[in-house]
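1. let me see the structure of the following:
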Amino acid sequence: MMRFDREQLETLAAVVAAGTFDAAAERLSITPSAVSQRIKALEQQLGRVVVVRSKPIRATESGTALLRLVQQLGALEHEAATELGIAESAGSVSIPLAVNADSMATWLLPALAEVARAHPLAFELHRDDQEYTAALLAAGTVMAAVTSDSRPVAACTVTPLGRMHYHPVASPAFAARWLPEGPTAAALAVAPVVVFDRKDELQSRYLRSVTRRQLAPPHHFVPASADFAVAVELGLGWGMLPKAQCEAALRSGALVLLDPSRTVAVPLYWQQWNLRSTALDAVAAAVVAHAAAALA
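-> Modelled structure (predicted):
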């Protein structure tokens, strides 16, 4: 039975996380030469390449399997330390998670803060669109993900969280100038729109639902959830905002609802490794509870 060197595995994880051998060496407080030697030794033992020497460095399929292994080892070690009553002296366990920006900006962080008060955890959040976070889970980069994909990643469990409802909103001045007769197809074809990034399909989905055709209005890209909401309030363009982000502004009159009859609903799921871990189970319980309250 092959036995893996823990030092080599942790070096692999550092290289993939840091993106270069030099950055990994700085993280590990060793020389770049030592990092290279450890990776070469691991590859020689396996008889296969574990990283692609690109910029940034990325894991091969074999390397991805080893990344999952080293993260699972860390979780299991923390589990054993907890059962032995020495978890505090063992330090915190790192829980890498993949989350979408809107969940992070609205309901997720309170859930993580709650569980961090009860457990010695250190979170590493990877932000991506909800349609892409499952790929980070499959790649072994994270241990769990908030995703819109209901299909379970291999060796993972899936729990429904609820639906995040997005509303088409704009500032009153913007609506009066660009959409005086409401969100008609002709007006939406030329009215500027705020988009999170090039993966963001929410505004396009709304446009298709209204016009039944592909439109290409001017786009402003604002890749930060809070700044996105501010950009819409300032009249840069119209945009789709989750209920939690826009309801106060709608009450105050800073925003107006463009189309009360239409929303875009995005189902969200919690996927995590099928691994016995008190820490990971505590995170899942807090996430599911907070999502139930926020996404009901």
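2. the residue nearest to Tyr132 when sequence neighbours are not counted: neighbour count?
-> Setting aside the residues directly before and after it, Tyr132 is nearest to Lys199 in space (CB to CB, 6 or more residues apart in numbering), at 6.4 Å. Placement of C-beta: from N, CA and C, glycine included. Neighbour count of Lys199, defined by other CB atoms under 10 Å: 12.
3. my read: Lys199 touches Asp129, true?
-> Yes - taking CB atoms under 8 Å as the definition, Lys199 is a contact partner of Asp129 at 4.2 Å.
4. now the strands: where do they sit in the stretch 51-200 of the chain?
-> 51-52, 58-59, 93-99, 121-127, 144-147, 156-170, 193-195 (DSSP state E, counting those that start in this stretch).
5. highest average neighbour count across these?
-> Comparing those by mean neighbour count (mean count of other CB atoms under 10 Å), strand 144-147 ranks first with a mean of 26.
6. quick one: mean pLDDT over that one.
-> Across strand 144-147, pLDDT averages out at 96.
7. what strands flank that strand, and is each parallel or antiparallel?
-> Strand 144-147 pairs in its sheet with strand 93-99 (parallel), strand 264-273 (antiparallel), by DSSP bridges.
8. tell me, how many residues neighbour Gly235?
-> Gly235: 17 neighbours (other CB under 10 Å).
9. for Trp107, find the nearest of the strands of the stretch 51-200 of the chain.
-> Closest approach to Trp107 among the strands of the stretch 51-200 of the chain (CB to CB): strand 156-170, 8.9 Å.
10. now do that closest one against strand 264-273, angle only.
-> 150 degrees (axes from the mean of the first three to the mean of the last three CA atoms, to 10 degrees).
11. so who does the nearest residue to Val287 once chain neighbours are set aside touch?
-> Distances taken as CB to CB, 6+ apart put Ala111 closest to Val287, at 4.9 Å, once the chain neighbours are dropped. Contacts for Ala111 (CB atoms under 8 Å, 6 or more residues apart in numbering) come out as Val283, Ala286, Val287, Ala289, His290, Ala291.
12. which residues sit in contact with the closest residue in space to Gly74 that isn't next to it in sequence?
-> Leaving out its chain neighbours, the residue that sits closest to Gly74 by CB to CB, 6+ apart is Val93, at 6.1 Å. Val93 makes contact with Gly74, Ala75, Glu77, His78, Pro120, Leu121, Ala122, Ala279 under the criterion CB under 8 Å, 6+ apart.
13. which residues does Val93 form beta bridges with?
-> Here Val93 sits in beta bridges with Leu121, going by DSSP bridges.
14. Ala25 contacts Arg38, correct?
-> No - look at Ala25 against Arg38 with CB under 8 Å: they stay out of range, at 10.2 Å.
15. comparing those two, which shows the higher neighbour count?
-> A count of neighbours by other CB under 10 Å puts Arg38 above the other of Ala25 and Arg38, at 23 against 20.
16. look up how far Ala18 lies from that one.
-> To Ala18, Arg38 is 14 Å away according to CB to CB, to the nearest Å.
17. for the longest helix anywhere in the chain, buried residues please.
-> Secondary structure of the chain per DSSP state H: the longest helix is helix 61-83. Under the neighbour-count criterion of 16 or more other CB atoms under 10 Å, helix 61-83 has 62-64, 66-72, 74-75, 78-79, 81-82 buried.
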